[in-house]
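Visitor: sequence and predicted structure are below.
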Amino acid sequence: MSDAIDHSGGPPRDLPEDELLAAEYALGVVAGAEREKLARRVAVERGFAAMVAAWEERLAPWAGELDEAAPPPQVWERIAASLPQQPAERAGLWESLAFWRVFALAGVLAAACLAVVIYLDAARLGGEPLVAAIEAGGQRSFVATVDVKRGTIAVLPAAFTGDATRVPELWLIPPGGKPLPVGLVSASKPIVIAIPPGLIAQTASGATLAVSLEPPGGSPTGAPTGPVIGAGKLTAL
Amino acid sequence: MDLEANRDLLVAALGRVPAGDRAALQTVYRLTSAKLFGVVLRILDERSEAEDVLQEVYLTVWRKAGDFDATRASPMTWLIAIARNRAIDRLRAGRITRRMEPIEAASEIADAAASAERVLADSETAARLGGCLDALAAHERTALRGAFFDGNTYEELARRMAVPLGTMKSWIRRAMIKLKACLEPKDP
């Protein structure tokens, strides 16, 4: 940077160029190709993203000066209409609780059969399915099948008995990472969850799926708060 | 609405969004949309564009809430950054008239009025930022305001303040260096 024009006296200590670029990006003063380039760095470079986040944190309180402005109600209506439908569940027989109660009795074997059904289903569509047996201490509680092509995870209860006060929640744990919430599953029937777009890239062979027990509505913190009832690595079938 | 008091509620709701909980997103919207609309409206200065961008902001929250880490960032900071970035991207896409009326470092009437509000309306952090902004040279603070609130680029700020582009870059960079040194004095 040029120090040629400085009316403030006293040279402040300098900052590394990346830190200044992060500040410029957070402030929003760069445009065009330069802004796009910095946006890409934020997406792929952890260190740079952290610098940008730190600048956002420094500047954000300034927004407290701005008057609030209530948006018209149709904005929320448009948002709600744009959201994907609730996690898609299979219709017909799959919806029948009685069927699933009987089915659950067959336990692991039945779940394995169903995994094959889903595998064949996915194979027919040309996807490369991944499976994980979610278990702890030799007890298999759920079987999960990832349909990479559709971006869904089917989670089937194997030998898991529900809990009146808590619900099972599925987590994705990338290798060396922390658990990321995927969605709520059910003790009594298969649930097909659309993988949140931010997690699709990480839903890969080698990642771990785990289920914890959480308050109704799911973990209030975004991290598991209750006991983990099982975990298993995703592997290609 | 006191957003700090609602922080815990907001963090909990954001934590439920990645599981596909629409009610949780609605809670986030209820707690924050008036503030974020204020931010977006200030940058875009056009209601229908601002409404579109606000919709994009919450759809981004819906998709990216899993990236938010409450141990590392404040939820309002995270949301404000999304709102500013979306609004700035829309501004840069070029269909909107930017705020381009000339501004002078000397005319800081709005700034002075805001200082009082700052202390009243906000937390300790905001007061600290206010103090550090007040410690900047007037021209630096004015340039930063144009960038932060109006979404101006270096080029636009240089024109609004009638200085060469290089001067404006130097002002902003120097202001950011001073701001960091003031906010985090113990940093090496």
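Guide: Noted; the coordinates are in hand.
Visitor: list the buried residues in the helix or strand harbouring B:A175.
Guide: Following DSSP states H and E, one finds B:A175 within helix B:165-183. Using 16 or more other Cβ atoms under 10 Å in any protein chain shown as the test for burial, helix B:165-183 gives B:167-180, B:182-183. The C-beta positions use only the backbone N, C-alpha and C, and glycine is treated the same way.
Visitor: pLDDT weak spots in chain A?
Guide: Low-confidence segments of chain A, defined by pLDDT under 70: A:1-13, A:85-128, A:161-164.
Visitor: likewise for chain B?
Guide: Across chain B, residues meeting the criterion (pLDDT under 70) sit at B:1-5, B:95-98, B:105-122, B:186-188.
Visitor: can you name the residue of it nearest chain A?
Guide: B:G15 (3.2 Å; Cβ to the nearest Cβ).
Visitor: quick one: that residue and B:D67 touch, right?
Guide: No. Using Cβ atoms under 8 Å as the test, B:G15 is too far from B:D67 to be in contact (12.0 Å).
Visitor: more neighbours: which of these two?
Guide: Taking other Cβ atoms under 10 Å in any protein chain shown, B:G15 and B:D67 do not tie; B:G15 has more neighbours (24 against 14).
Visitor: dump the residue contacts of the more buried one.
Guide: B:G15 is in contact with A:P181, A:G218, A:S219, A:P220, A:T221, A:G222, A:A223, B:A24, B:A65, B:A70, counting by Cβ atoms under 8 Å, 6 or more residues apart in numbering or on different chains.
Visitor: skip the chain neighbours and tell me the closest residue to it.
Guide: A:G222 (3.2 Å; Cβ to Cβ, 6 or more residues apart in numbering or on different chains).
Visitor: quick one: strands adjacent to the lengthiest strand in chain A?
Guide: As assigned by DSSP state E, the longest strand anywhere in chain A is strand A:139-147. When pairing is defined by DSSP bridges, strand A:139-147 lines up against strand A:130-136 (antiparallel), strand A:152-157 (antiparallel).
Visitor: deepest in the core, which of those strands is it.
Guide: strand A:152-157 (a mean of 25; mean count of other Cβ atoms under 10 Å in any protein chain shown).
Visitor: the helix or strand following that strand pairs with which strands, and in what direction?
Guide: Helices and strands here follow DSSP H and E; after strand A:152-157, the next one along the chain is strand A:167-173. Partner strands for strand A:167-173, per DSSP bridges, with pairing direction: strand A:180-184 (antiparallel), strand A:208-214 (antiparallel).
Visitor: so which elements touch the longest helix belonging to chain B?
Guide: The residue-count maximum for a helix in chain B (DSSP state H) belongs to helix B:22-44. Helix B:22-44 makes packing contacts with helix A:73-82, helix B:7-16, helix B:47-64, helix B:75-92, helix B:138-150 when contacts are defined by 3 or more Cβ pairs under 8 Å, 6 or more residues apart in numbering or on different chains; DSSP states H and E.
Visitor: tilt between it and helix A:73-82?
Guide: Relative orientation of helix B:22-44 and helix A:73-82, computed by axes from the mean of the first three to the mean of the last three Cα atoms, to 10 degrees: 130 degrees.
Visitor: what comes up buried for helix B:22-44?
Guide: Quick answer for helix B:22-44 (16+ other Cβ under 10 Å): B:22, B:24-29, B:31-44.
Visitor: residue boundaries of the helices in chain A?
Guide: Taking DSSP H, the helices of chain A run over residues A:17-27, A:32-44, A:46-59, A:73-82, A:97-124, A:197-200.
Visitor: ok so, going back, out of the strands paired with strand A:139-147, flag the one nearest A:L234.
Guide: Nearest to A:L234, of all the strands paired with strand A:139-147, is strand A:130-136, at 4.5 Å by Cβ to Cβ.
Visitor: who's in contact with that closest one?
Guide: With contacts defined as Cβ under 8 Å, 6+ apart, strand A:130-136 is touched by A:115, A:119, A:140-146, A:148, A:158, A:203-205, A:208-211, A:228-237.
Visitor: selecting buried members of those in PyMOL, what would you type?
Guide: Entered in PyMOL, the line below selects the buried ones among the contacts of strand A:130-136, by 16+ other Cβ under 10 Å:
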select buried, chain A and resi 115+119+140+141+142+143+144+145+146+148+158+203+208+209+210+211+229+230+231+232+234
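Visitor: OK, contacts around the residue nearest to B:G15?
Guide: A:P181, B:V11, B:L14, B:G15, B:R16, B:P18, B:A65, B:G66, B:F68, B:D69, B:A70.
Visitor: quickly note the distance from it to A:P175.
Guide: According to Cβ to Cβ, to the nearest Å, A:G222 and A:P175 sit 20 Å apart.
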